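Enquirer: sharing a sequence plus its predicted fold:
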Amino acid sequence: MTEGEKNTATSLPSLESLVGESEALAAKGRFRGCHEHSIDSKGRVSIPSSFRSVLQSSGVLELVVTNYICDGARCLEAYPLPVWESLELKISKLSSFDPRLKSLENYYFSRAASCPVDKAGRILIPANLRNYSGLQSQISFTAGISGFRIWDTRVWEHVFREAETRLLENPDLFSGLDLTSDRHR
C-alpha cells in the first residue's frame, strides 16, 4: 500500500472538502441569499429565480436533494447534479472499510433523491425528505458555496437568530477563518 493509499484509508476528508465546486457552475454564478417560498401539499416548490438563473446558465436541469443537519437542526441540502456526481466520484475513491464512510453513506447518500426542475422552475421534494426536515407551508432557501439548503422557515429563523447571538457575543467569531487565502477562491 502506498503512502497516499494509507492516508486515504485512515483519514476521511470533511464533507465540505469533498464537495468542492463544479468548474462550470462556478464560472456561471453562485447561489446567494435567503429566499422564502411556499410549498404545496404535494411537495412542489419553486426554486428561487436567482438560484434558477445559476442552474440555467450552467445547463443544469436536475438537483440532488438529501437530508442534512446544520447547527443542530434538520434541513435539506440540494446540489446541482454535476456537483453531486463530483462528490460521488470522490467518495468512491475512499476506503469502503472506513466506518465513517459507511455512516455517511447510510445517512447522507441513502436518502439522496433526484429532483428534476420542471418547466415552471419547480422541484418535487419527496415526502420522506419533507417529513425529515419538517417542511410545512413556508420554506426558506439559503445559499451555500456549491449548492443550497432548504429549511422550514420557522427552523431557519431560529438557526439564524442563534448564529446572530453567537456573533454578537463573540464579534471575532469568524476571525480564525482564512478568507483571504487563495485556497478559498
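Expert: Arrived safely.
Enquirer: who touches residue 114 in this structure?
Expert: Applying CB atoms under 8 Å, 6 or more residues apart in numbering, we find residue 114 in contact with 62, 63, 64, 81. Bear in mind the C-beta positions are built from the backbone N, C-alpha and C, glycine included.
Enquirer: one more time with 7 Å
Expert: For residue 114, the contacting residues are 62, 64, by CB atoms under 7 Å, 6 or more residues apart in numbering.
Enquirer: okay, and it sits in which element?
Expert: Per DSSP states H and E: residue 114 is located in strand 113-116.
Enquirer: using CSV, write out every CA atom in that strand.
Expert: Extracted in CSV, the C-alpha atoms of strand 113-116 (Å, rounded to 0.1, in the frame of the first residue of the first chain):
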residue,chain,number,x,y,z
ALA,A,113,-33.3,12.0,-4.3
SER,A,114,-33.0,13.2,-7.9
CYS,A,115,-35.3,16.2,-8.3
PRO,A,116,-35.7,17.4,-11.9
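Enquirer: mind checking the end-to-end distance for stretch 100-108?
Expert: One end of stretch 100-108 to the other measures 11 Å (CA to CA, to the nearest Å).
Enquirer: tell me the centre residue of the protein?
Expert: When CA atoms, centre = their mean is applied to the chain, the residue found nearest the centroid is residue 77 (3.5 Å).
Enquirer: surely that residue touches residue 68?
Expert: Yes. The criterion here is CB atoms under 7 Å, and residue 77 meets it with residue 68 at 4.0 Å.
Enquirer: what sits in contact with each of the two?
Expert: Common contacts of residue 77 and residue 68 (CB under 7 Å, 6+ apart): residue 149.
Enquirer: following element in sequence after the strand holding residue 114, please.
Expert: Sequence order places strand 122-124 as the next helix or strand after strand 113-116, per DSSP H and E.
Enquirer: C-terminal to that following strand, what's the next element?
Expert: For strand 122-124, the succeeding helix or strand toward the C-terminus, using DSSP H and E, is helix 127-133.
Enquirer: packing partners of that following helix?
Expert: Secondary-structure packing of helix 127-133 (3 or more CB pairs under 7 Å, 6 or more residues apart in numbering; DSSP states H and E): strand 62-70, strand 73-80.
Enquirer: most packed of those?
Expert: Most buried of those, by mean neighbour count (mean count of other CB atoms under 10 Å): strand 73-80, with a mean of 23.
Enquirer: indicate each strand paired with it and its parallel or antiparallel sense.
Expert: strand 62-70 (antiparallel), strand 148-152 (antiparallel) (DSSP bridges).
Enquirer: which one, of those strands, ends up nearest to residue 53?
Expert: Among the strands paired with strand 73-80, the nearest to residue 53 by CB to CB is strand 148-152 (13.0 Å).
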